[in-house]
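# Take this sequence and fold it.
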Amino acid sequence: MNKVKEKLRNGGTVMVFNPNFSSAALVEHAGALGFDVAFIDCEHGSASFERAEELARAARAAGITSLLRPWTSERAIITRFLDCGVGGIQFPGVETAAAAREAVETVRTARGKRFEDTLVVAMIESTVAIENLHEIIAVDGLDAVVIGLSDLARDLGHAGENQHPIVRRAVDQIISIANKTTNPHAVVGFNLHLWEEGRELKAQGVRWFTIHAKTMLARGARELKAMLV
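I've put the predicted structure just below:
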């Protein structure tokens, strides 16, 4: 079984590294830092199919799983990325159980017997998705639902205000619903830009955290300058 899936089934917490840059060397280094998953962003990033293949190969060399977010859920595109060797797909903008089932079946069809080793993740980014979350997260074959905080804030009428009370209440609602799922294998995930939130989110039941290289660099630079300048 995929080590990430096994970790989830054993109650562990998964750490996802978003390199922010299309660097195979950086992805490989993430494995040495103890991350479980390398995130390849083809929705907002610049990686081509060839580059995605290189990044997936670097993740395998590091002993971690690659997870790719495409710009579309079109079956042919998903199949092509999976053929490039990525270890899973994070589908953006999933709003219904039907969409979640289609995502799972797309991956299942493309991977065949290797489906059990492939991650399938849905992003929850709207009020419609929250309304349907009970049914979405119950879909068999789904490994995680990740909160897309920026898009969720925009949908709630508070673009750029990720800490707005209405946005935070929506996050709490998503976590609460996810914790009550009938799918024993699916967990809720969060893009952790403010690391101090991690402990509280974990106490609430979040077991999937995405950490960004840009956040790590910015925080490291601030702390270094505070010590030396």
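# quick one: what helix or strand has Asp172 in it?
Asp172 is part of helix 165-179, with elements assigned from DSSP states H and E.
# How about Glu105?
Per DSSP H and E: helix 97-111 holds Glu105.
# what residues does that helix touch?
Defining contact as CB atoms under 8 Å, 6 or more residues apart in numbering, one finds that helix 97-111 is touched by 73, 75, 78-79, 82-83, 88-89, 91, 94, 115, 117-118, 120, 122, 132, 135-136, 138-142. Glycine gets a C-beta too; all of them are placed from N, C-alpha and C.
# The same query, at a cut-off of 6 Å, please.
75, 78-79, 82, 89, 91, 94, 115, 118, 120, 122, 135-136, 139, 141-142 (CB atoms under 6 Å, 6 or more residues apart in numbering).
# if we can go back for a sec, chain center to the helix holding Asp172: distance?
17 Å (CA atoms, centre = their mean, to the nearest Å).
# now swap in stretch 125-143 and tell me
The answer for stretch 125-143 is 14 Å, by CA atoms, centre = their mean.
# Kindly export it (C-alpha atoms) in PDB.
The C-alpha trace of stretch 125-143 is given here as PDB (Å, rounded to 0.1, in the frame of the first residue of the first chain):
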ATOM      1  CA  GLU A 125     -13.700  25.900  -2.000                       C
ATOM      2  CA  SER A 126     -17.300  27.100  -1.900                       C
ATOM      3  CA  THR A 127     -20.500  27.300   0.100                       C
ATOM      4  CA  VAL A 128     -22.100  24.800  -2.300                       C
ATOM      5  CA  ALA A 129     -19.300  22.300  -1.600                       C
ATOM      6  CA  ILE A 130     -19.900  22.800   2.200                       C
ATOM      7  CA  GLU A 131     -23.600  22.100   1.700                       C
ATOM      8  CA  ASN A 132     -22.800  18.800   0.000                       C
ATOM      9  CA  LEU A 133     -19.800  17.900   2.100                       C
ATOM     10  CA  HIS A 134     -21.500  15.100   4.000                       C
ATOM     11  CA  GLU A 135     -22.100  13.300   0.700                       C
ATOM     12  CA  ILE A 136     -18.700  14.300  -0.900                       C
ATOM     13  CA  ILE A 137     -16.500  13.000   1.800                       C
ATOM     14  CA  ALA A 138     -18.500   9.700   2.100                       C
ATOM     15  CA  VAL A 139     -17.500   8.800  -1.500                       C
ATOM     16  CA  ASP A 140     -15.500   5.600  -1.500                       C
ATOM     17  CA  GLY A 141     -12.000   6.000  -2.800                       C
ATOM     18  CA  LEU A 142     -11.500   9.600  -1.600                       C
ATOM     19  CA  ASP A 143      -8.500  10.000   0.600                       C
END
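# Give the buried residues for that stretch.
Glu125, Ser126, Ala129, Ile130, Asn132, Leu133, Ile136, Ile137, Val139, Gly141, Leu142, Asp143 (16 or more other CB atoms under 10 Å).
# Sort out for me which of the residues you listed are in strands.
Members of the buried residues of stretch 125-143 lying in strands (criterion: DSSP state E): none.
# Cool, thanks, talk later.
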